[in-house]
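Enquirer: coordinates only, sequence not included:
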Ligand SMILES: [Mg+2]
């Protein structure tokens with residue numbers, strides 16, 4: 001046997017990959033990007049008579065990388081050791097570059113392998129990881145800059161009334177002059193009892209962001225300002241964090257792919273809340289490592305998007321704060337997965353009656369979106 005054997009060795013079988021491109025419900029934009037579709041890459045990992053499922057939101061190129069490179073690295077390794085497969089994948093992509101597409105490809109495979117292991121043991125993933133809470137708060141996330149104020153208000157009211165959301169997030173930064181008006185409309189729609197978050201996706205200059213922070217806090221009680229400046233401008237984030245209003249958390253981290261990125265961001269004192277995305281930072285294995293770094297800096301972790309996937313690790317982490325219940329991904333996961341989680345009473349609760357992540361691909365429904 002070429003690979004290290006462990007107790008209860010189960011060889012990983014075929015790694016299957018598919019990609020689906022789903023049009024958005026309407027044209028969408030934030031402070032720095034516009035889009036009209038989303039691609040999901042799904043991995044299915046066979047082994048021991050079970051099939052694990054994992055996914056990432058990326059580009060078709062991720063599927064090519066998995067088929068052409070990662071599948072043969074992982075197949076025949078031990079399904080009981082996702083960490084072993086993870087190490088081998090990280091080693092194998094050295095010359096291709098760790099951040100970006102490689103980390104998203106590893107993420108989809110790694111998540112499928114964790115799902116497979118949990119299924120082989122007949123456990124929900126959260127139980128395998130070691131559960132510390134039954135449910136994790138969500139914040140409803142959308143409020144795109146392409147929305148009219150009426151659309152924005154309707155979306156926010158739906159999350160508050162239907163899903164019991166106690167926090168909602170909107171995009172700003174497309175038109176700085178209009179932002180206060182839009183935030184006013186959002187606050188009016190949700191009333192005073194719901195926390196309001198904003199995300200500029202790095203659209204503002206430093207001083208402009210600082211001015212906006214004070215205005216949005218004082219006039220509308222905004223409690224979270226995500227990427228007020230580019231998340232690569234760690235000094236700028238630190239400036240807003242230190243000189244902005246108390247009661248407003250500065251958040252960033254969604255573009256983090258490896259531990260060094262997160263360590264640098266935290267060492268710079270750039271954020272009050274660290275964000276991370278398991279579908280980007282190399283899967284469940286990578287995400288747990290990021291959480292450990294976050295905890296070492298005494299901060300809370302917020303999961304970026306992919307709610308069905310994040311519910312499990314977030315309920316197994318002491319430093320977990322909340323999950324982004326992102327409009328596009330909630331919709332896609334509901335369309336493509338049986339067992340996708342729905343927020344109730346402002347929380348996501350892993351389904352203990354289902355093994356693994358608890359989702360199954362709706363093959364027939366997915367087929368028409370095949371990329
Ligand atoms: Mg964001």
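Expert: Perfect, I can see it now. Note that the structure is predicted; figures quoted are calculated from it, not measured.

Enquirer: show me where pLDDT drops low in this protein?
Expert: For the chain, the stretches flagged by pLDDT under 70 are 1-6.

Enquirer: Show me the strands in it, by range?
Expert: Under the criterion DSSP state E, the chain contains strands at 15-29, 34-47, 50-58, 136-141, 167-171, 195-199, 224-226, 249-252, 273-276, 300-303, 320-326, 337-338, 347-348, 360-361.

Enquirer: Same list (these) but as CSV, adding mean neighbour count and distance to residue 213.
Expert: C-beta coordinates here come from the backbone N, C-alpha and C atoms, glycine included. Putting those into CSV (neighbours: other CB atoms under 10 Å; distance: least, CB to CB, whole Å) gives the following:
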stretch, mean neighbour count, distance to residue 213
strand 15-29, 17, 22
strand 34-47, 20, 25
strand 50-58, 25, 29
strand 136-141, 27, 18
strand 167-171, 26, 15
strand 195-199, 23, 9
strand 224-226, 26, 5
strand 249-252, 25, 8
strand 273-276, 24, 15
strand 300-303, 25, 18
strand 320-326, 24, 20
strand 337-338, 18, 38
strand 347-348, 23, 28
strand 360-361, 16, 42
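
Enquirer: Can you say which of those strands is nearest to residue 238?
Expert: strand 249-252 (8.5 Å; CB to CB).

Enquirer: List of residues touching that closest one?
Expert: 223-228, 231, 237, 240-241, 244, 265, 270-275, 302 (CB atoms under 8 Å, 6 or more residues apart in numbering).

Enquirer: how about a cut-off of 10 Å?
Expert: For strand 249-252, contacts defined as CB atoms under 10 Å, 6 or more residues apart in numbering pick out 169, 195, 197, 199, 202, 209, 213, 222-234, 237-242, 244, 265, 269-275, 299-300, 302, 304, 321.

Enquirer: okay, the angle between the longest helix anywhere in the chain and strand 34-47?
Expert: Longest helix in the chain, counting residues (DSSP state H): helix 101-121. With axes from the mean of the first three to the mean of the last three CA atoms, to 10 degrees applied, the angle from helix 101-121 to strand 34-47 works out at 40 degrees.

Enquirer: And helix 101-121, what's buried?
Expert: Buried residues in helix 101-121, counted by 16 or more other CB atoms under 10 Å: 101-121.

Enquirer: now the helices for the stretch 201-350 of the chain?
Expert: Using DSSP state H, counting those that start in this stretch, the helices found in the stretch 201-350 of the chain span residues 206-220, 234-243, 259-267, 283-296, 307-314, 327-336.
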